[in-house]
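In: Structure here, sequence nowhere to be found:
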């Protein structure tokens with residue numbers, strides 16, 4: 001046994017800095033993790049995430065930090081494809097009947113989460129500016145896990161449509177809310193920001209509008225290029241190319257690639273019904289990209305952050321879950337949604353990742369907040385919440401889709 005262990009350690013040391021080996025290890029470990037997850041009746045992405053966590057710097061360190069940094073384009077590819085898929089669900093005919101309900105639910109659950117988290121962490125001793133900022137960050141929801149699980153289960157129906165709509169609008173509203181809260185918190189801590197609070201408030205609105213404009217423009221271009229094209233391979237190349245171009249441009253000018261790609265999908269399916277085939281053509285790309293994306297996300301999780309958060313971290317985690325579920329339930333009641341949607345919608349809103357990380361990085365880079373004594377604790381609280389929700393959230397979302405009858409595909413373990 002010792003000889004085998006030494007051999008494995010020697011192999012790890014030999015390929016420790018090899019990027020190609022790191023990618024292969026993540027894909028294979030994700031495959032194995034996904035199969036084990038299915039046997040445990042968990043979504044495959046849970047296996048991908050845990051596999052990445054085990055191989056990452058915080059556990060075995062088979063895939064070290066510099067390889068994780070080198071693979072930074074992978075999340076942009078995955079999130080771009082996920083975003084265009086979400087956007088394609090927003091057909092105008094469907095929005096006329098469900099758009100009002102989606103808007104109501106999104107606003108109610110967003111404000112419920114913000115209020116619940118702000119009150120909870122403040123009650124556990126956090127300064128009010130910290131509580132407000134954490135409340136705003138907590139309102140963000142990661143659409144990647146939800147879309148991946150719905151795709152895996154081939155889920156369809158009113159619950160799925162509403163869920164996709166809420167996760168699509170949630171991040172845009174979260175970014176706007178964060179801009180307002182950030183300006184208010186800056187005034188509370190006695191600092192100033194270049195341009196003043198008005199600029200801080202208008203900045204996220206400007207970011208969203210520019211993202212929408214880019215998405216609309218490229219959506220029209222893609223529509224013109226694929227409308228009468230018959231080759232599936234050519235369509236894949238064109239759409240994937242524009243997803244990457246859109247993501248690259250938006251990241252470079254510091255606006256939202258998620259919103260831009262969602263708008264591209266929205267424009268694409270609404271300009272012609274024939275463009276619906278584009279989403280079906282892209283489906284074969286999903287498995288390897290999702291495996292790489294979620295395994296890579298797992299490598300960035302660090303179990304040590306949980307111990308560093310204390311009572312504030314626990315209050316944040318529990319109040320966020322209560323706010324998301326309770327807010328979604330209340331919003332569904334106000335909107336007149338079915339009992340099934342009321343009961344299960346909130347379970348699909350727990351995952352949290354990219355936007356939350358982006359917002360905490362914005363705080364770290366903003367001079368008025370950089371040197372606050374509790375900035376380190378805020379970072380740990382958000383990262384610990386992401387760790388827990390990225391592991392616990394997907395199984396709950398899978399349960400919601402299956403228990404609600406939305407899933408069309410049953411996993412091998414449930415047959």
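Out: Received, thanks. No experiment lies behind these values; they were computed from the predicted model shown.
In: Now do the same for the residue nearest to residue 163 when sequence neighbours are not counted: its pLDDT.
Out: Among residues not flanking residue 163 along the chain, residue 348 sits closest, at 4.8 Å (C-beta to C-beta, 6 or more residues apart in numbering). From N, CA and C alone the C-beta is placed, and that goes for glycine too. What the model reports as pLDDT for residue 348 is 90.
In: Also residue 298?
Out: Note for residue 298: predicted pLDDT of 80.
In: same thing with residue 10?
Out: 57.
In: Same question for residue 198.
Out: On pLDDT, residue 198 comes in at 66.
In: where does the chain have low pLDDT?
Out: 1-17, 190-201, 306-308, 354, 365, 409-415 (pLDDT under 70).
In: At the geometric centre of it, which residue do we find?
Out: For the chain, residue 142 is the residue whose C-alpha lies nearest the centre (C-alpha atoms, centre = their mean; 2.3 Å).
In: Now do the contacts for residue 117.
Out: Remark: with contacts taken as C-beta atoms under 8 Å, 6 or more residues apart in numbering, residue 117 is in contact with 131, 134-135, 138-139, 316, 319-320, 323.
In: ditto for residue 169
Out: Per C-beta under 8 Å, 6+ apart, neighbours of residue 169: 102-103, 106.
In: Most neighbours among those residues, which one?
Out: Ranked by neighbour count (other C-beta atoms under 10 Å), the contacts of residue 169 have residue 106 at the top, with 27 neighbours.
In: and which of the contacts of residue 169 is nearest to residue 79?
Out: Distance to residue 79 across those (C-beta to C-beta) is lowest for residue 106, with 19.4 Å.
In: so how far is residue 81 from the closest residue to residue 221 other than its chain neighbours?
Out: Using C-beta to C-beta, 6+ apart and skipping the chain neighbours, the partner closest in space to residue 221 is residue 242 (7.1 Å). Using C-beta to C-beta, to the nearest Å, we find residue 242 at a distance of 11 Å from residue 81.
In: Specify which residue of those two has the higher count of neighbours.
Out: residue 81 (27 against 21).
In: Now tabulate the contacts of residue 117 in CSV and tack on neighbour count, secondary structure and distance to residue 215.
Out: Listed next are the contacts of residue 117 as CSV, based on neighbours: other C-beta atoms under 10 Å; DSSP: H, G, I helix; E, B strand; the rest coil; distance: C-beta to C-beta, whole Å:
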residue, neighbour count, secondary structure, distance to residue 215
131, 23, helix, 34
134, 30, helix, 30
135, 27, helix, 29
138, 30, helix, 26
139, 33, coil, 22
316, 28, helix, 32
319, 24, helix, 33
320, 28, helix, 29
323, 27, helix, 29
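In: so where do the strands sit in the stretch 151-300 of the chain?
Out: Ranges of strands within the stretch 151-300 of the chain: none, based on DSSP state E, counting those that start in this stretch.
In: All the helices of it, in order from the start?
Out: Counting by DSSP state H, counting those that start in this stretch, one finds helices in the stretch 151-300 of the chain at the ranges 158-188, 196-226, 232-252, 257-271, 277-282, 286-299.
In: Ok, the stretch 1-150 of the chain next?
Out: Using DSSP H, counting those that start in this stretch, helices in the stretch 1-150 of the chain cover 2-14, 19-39, 44-55, 65-70, 73-88, 92-123, 128-138, 143-152.
In: and the fourth one, which residues are buried?
Out: Yep, that's helix 65-70 we're talking about. Across helix 65-70, burial judged by 16 or more other C-beta atoms under 10 Å covers 67-68.
In: And that helix, what does it pack against?
Out: helix 19-39 (3 or more C-beta pairs under 8 Å, 6 or more residues apart in numbering; DSSP states H and E).
In: Pull the contacting residues for the closest residue in space to residue 254 that isn't next to it in sequence.
Out: Closest residue in space to residue 254, ignoring its immediate chain neighbours: residue 207 at 7.4 Å, by C-beta to C-beta, 6+ apart. Residue 207 makes contact with 175, 254-256, according to C-beta under 8 Å, 6+ apart.
In: Could you measure from residue 207 over to residue 400?
Out: For residue 207, the distance to residue 400 equals 31 Å [C-beta to C-beta].
In: do the same with residue 35
Out: From residue 35 across to residue 400, the span is 23 Å (C-beta to C-beta).
In: Give me the more crowded residue out of the two.
Out: residue 400 (26 against 12).
In: Just confirm the more buried one contacts residue 348, I think it does.
Out: Yes - with contact defined as C-beta atoms under 8 Å, residue 400 counts as touching residue 348 (5.3 Å).
In: quick one, what contacts residue 350?
Out: Counting by C-beta under 8 Å, 6+ apart, residue 350 makes contact with 141, 320-321, 324-325, 389, 392-393, 396-397.
In: Could you measure from the residue nearest to residue 221 over to residue 60?
Out: Plainly put, residue 242 is 38 Å away from residue 60 if you go by C-beta to C-beta.
In: go on, residue 131?
Out: Distance of residue 131 to residue 60, computed by C-beta to C-beta: 37 Å.
In: what's the answer for residue 361, then?
Out: Distance from residue 361 to residue 60, by C-beta to C-beta: 27 Å.
In: what about those two, which has more around it?
Out: The residue with more neighbours, out of residue 361 and residue 60, is residue 60; 15 against 12, by other C-beta under 10 Å.
In: How about the secondary structure of residue 351?
Out: Per DSSP: H, G, I helix; E, B strand; the rest coil, the local secondary structure of residue 351 is coil.
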